[in-house]
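Undergrad: All I have is the shape, not the residue letters:
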């Protein structure tokens, strides 16, 4: 697990190396460059010409050269050793494609003097001799002596690198640049489309800013690598530097807007967000300056702004306060990589000294890291928001369920209290009347007194029945129900029960001699009592109730049938619901809990109770596992 934490940054570094290698040609090694000696010479006054330059002493140069921001003309002296005849012609290639004014001085083909070739971003692409992304031109190399080339460059910022290679190597280098940049811009375009889609679906401003940042990255990279000049504006000349200045400052402003919102989301101090926003007001000044011909000064300020925002990333590393550890790790790791890169490879652009080839395209790796960083952080933030939303939805659902359960419980409690009060009213009235008559002395005969006492006993039994059913249902709802199964002779059990039942004279029992089963006798008799009492209660007073017991495979089947009484036929859809009573049965007492309790208990012990509506009878069938 520990080693896997390093896989993302290692993969990112590998991707960065691939982009840099393809763009700069580092992947091919030094074998593609035929220059034996390099040197540079500053011309602060801009007065030197080729004839005076050849007599000057040049400062040795190992590779690329930082030109600084001052726009001072700089001369390069390149020495190519004698070449075999089959290698001619050779190609002089200058990078990058943002050099404004470039003059190539190549040895004349007649052996004397110099041939001047003007190129640079101020020269339209269609007017350049060689149709490649970078500035290149063929020249004849000497076979008997070294060939000396001179290049005069006047541009206001950037790094220059000169190479001499064969025509095949130059074409291969240009192809690799096209492939690398195509992959790079394709990745940026995918990121832009994805960010725009997520902005449309989530409405988060940060996704919209990320999409705009990716779009400005595409425009900026296309300008600095020559793709814009070759494929979009091949006829443009003097306006190309101004367009490059405009894309650079626009890209910086978009980066400031994006980072200001990003650090706010990561709960950094507010002053960090305002510091990133500090570049935005300058945009209103930079655009008029570019349009009035002062774009070079704008580009110098933009480079300083890039470095300032880069330096701001260092204290921000220690100020991030987001509670999510993955977000903190992503921000600190990628910001550290970005800061190290920007300081190491952007400083040569601001200073006139020897530089690295990687500094030729500083925007490529930095923008790649920025796009990946923003996408990773926003994706993580979106995942966290979705989880939070899901948690809130779950809590909302649980709250609604609890509320519904409480409402249901409240309704059931109210219903039960109302039902108990209703059911208690008649028995209590009977008890009150009987007790008043007995206490008044008006009931003197033993028969009348016995009748009154029997009424009191019946009323008490009714009250006890109501309370017992309420207790049974409450225990059932609370999960306090328990089954105790024992071997029983069900037929004998029912005969004994019928002998003690007060309505036995109305019951026609069809029982076998014996029926052995393993079951809970107490539960069986309670369920049967509910069914038989309902049949006696809701059938005509002079009618018979049929009770039939039979074995059905591994089941015990008991049927209770009665004729339709005053209450009519029940609703089969609501018959077994708690507190259900037929509207026409309200004249008689009842809790509406008996059938609900029977069905629930039967289901829990693996049985069932069903209702069948026949033309001449209402039939309830209780089946229990034997």
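TA: That came in fine, so what should we check first? Owing to the predicted nature of the structure, the values given are computational and were not obtained by experimental measurement.
Undergrad: Spatially nearest residue to residue 178 (excluding sequence neighbours)?
TA: Nearest in space to residue 178, with sequence neighbours left out and distances taken as C-beta to C-beta, 6 or more residues apart in numbering, is residue 133 at 7.2 Å. In this view, the C-beta of every residue, glycine as well, is placed from N, C-alpha and C.
Undergrad: pLDDT at that neighbour, what is it?
TA: pLDDT, residue 133: 89.
Undergrad: residue contacts, residue 245?
TA: 286, 290, 295, 296, 298, 299, 302 (C-beta atoms under 8 Å, 6 or more residues apart in numbering).
Undergrad: which of those residues lies closest to residue 70?
TA: Closest to residue 70 out of the contacts of residue 245 is residue 296 (9.2 Å), distances taken as C-beta to C-beta.
Undergrad: what's the neighbour count on the closest one?
TA: By the criterion of other C-beta atoms under 10 Å, residue 296 has 20 neighbours.
Undergrad: need the contact list for the residue nearest to it when sequence neighbours are not counted.
TA: The shortest distance from residue 296 to any non-neighbouring residue, by C-beta to C-beta, 6+ apart, is to residue 156 (3.6 Å). Taking C-beta under 8 Å, 6+ apart, we find residue 156 in contact with 69, 70, 71, 100, 296, 299, 300.
Undergrad: Among those residues, which are located in helices?
TA: Those of the contacts of residue 156 mapping onto helices are 296, 299, 300, per DSSP state H.
Undergrad: wait, which of those residues is closest to residue 54?
TA: Nearest to residue 54 out of the ones in helices among the contacts of residue 156 is residue 296 (C-beta to C-beta; 28.9 Å).
Undergrad: OK, contacts around that closest one?
TA: By C-beta under 8 Å, 6+ apart, the contact set of residue 296 is 69, 71, 156, 157, 241, 245.
Undergrad: re earlier: report the secondary structure state of the residue nearest to residue 178.
TA: At residue 133 the chain is in coil, as set by DSSP: H, G, I helix; E, B strand; the rest coil.
Undergrad: surely it meets residue 226?
TA: Yes: Residue 133 lies in contact with residue 226 (C-beta atoms under 8 Å); the separation is 3.9 Å.
Undergrad: now, the most widely separated pair of the contacts of residue 245?
TA: By the measure C-beta to C-beta, 286 and 296 form the most distant pair in those, at 11.8 Å.
Undergrad: rewinding a little: can you read off the pLDDT for the residue nearest to residue 296?
TA: Residue 156 carries a pLDDT value of 80.
Undergrad: Doesn't it belong to a helix?
TA: No: checked against three-state DSSP, residue 156 lies outside a helix; its state is coil.
Undergrad: Need the phi and psi values for it.
TA: With angles defined as degrees, to the nearest 10, residue 156 sits at phi -100, psi -10.
Undergrad: Rebuild the ones in helices among the contacts of residue 156 as JSON lines, extending it with pLDDT and distance to residue 218.
TA: Formatted as JSON lines, the ones in helices among the contacts of residue 156 follow (pLDDT from 0 to 100; distance: C-beta to C-beta, whole Å):
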{"residue": "296", "pLDDT": "86", "distance to residue 218": "24"}
{"residue": "299", "pLDDT": "87", "distance to residue 218": "19"}
{"residue": "300", "pLDDT": "84", "distance to residue 218": "24"}
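Undergrad: Burial check on residue 623, number of neighbours?
TA: Look at residue 623: counted by other C-beta under 10 Å, it has 18 neighbours.
Undergrad: residues touching it, list them.
TA: Residue 623 is in contact with 552, 555, 556, 557, 558, 602, 607, 608, 609, counting by C-beta under 8 Å, 6+ apart.
Undergrad: The fourth one reaches residue 517, doesn't it?
TA: Read it as residue 557. No: using C-beta under 8 Å, residue 557 is not in contact with residue 517, being 10.8 Å away.
Undergrad: anything in contact with each of the two?
TA: residue 551.
Undergrad: Who has more neighbours out of those two?
TA: A direct count of neighbours by other C-beta under 10 Å for residue 557 and residue 517 places residue 517 higher, at 21 against 17.
Undergrad: what's the spacing between the closest residue to that one other than its chain neighbours and residue 130?
TA: Residue nearest to residue 517 in three dimensions, not counting chain neighbours: residue 626, with 3.7 Å by C-beta to C-beta, 6+ apart. Separation of residue 626 from residue 130 (C-beta to C-beta, to the nearest Å) stands at 99 Å.
Undergrad: Packing partners of the helix or strand where residue 220 lies?
TA: Assigned by DSSP states H and E, residue 220 belongs to helix 205-224. On a contact count with 3 or more C-beta pairs under 8 Å, 6 or more residues apart in numbering; DSSP states H and E, helix 205-224 meets helix 167-202, helix 239-265, helix 363-440.
Undergrad: List the buried residues in it.
TA: Neighbour-count burial for helix 205-224 flags 206-224 (criterion: 16 or more other C-beta atoms under 10 Å).
Undergrad: and what of stretch 320-329?
TA: Neighbour-count burial for stretch 320-329, counted by 16+ other C-beta under 10 Å, picks out 320, 322, 327, 328.
Undergrad: pLDDT averaged over that stretch - what is it?
TA: For stretch 320-329, the mean pLDDT works out to 86.
Undergrad: And the contacts of it?
TA: Contact partners of stretch 320-329, identified using C-beta under 8 Å, 6+ apart, comprise 263, 265, 266, 267, 268, 331, 332, 377, 380, 381, 384.
Undergrad: Now residue 49: phi and psi?
TA: phi -120, psi 180.
Undergrad: With residue 623 instead?
TA: According to degrees, to the nearest 10, the main-chain angles of residue 623 amount to phi -120, psi 130.
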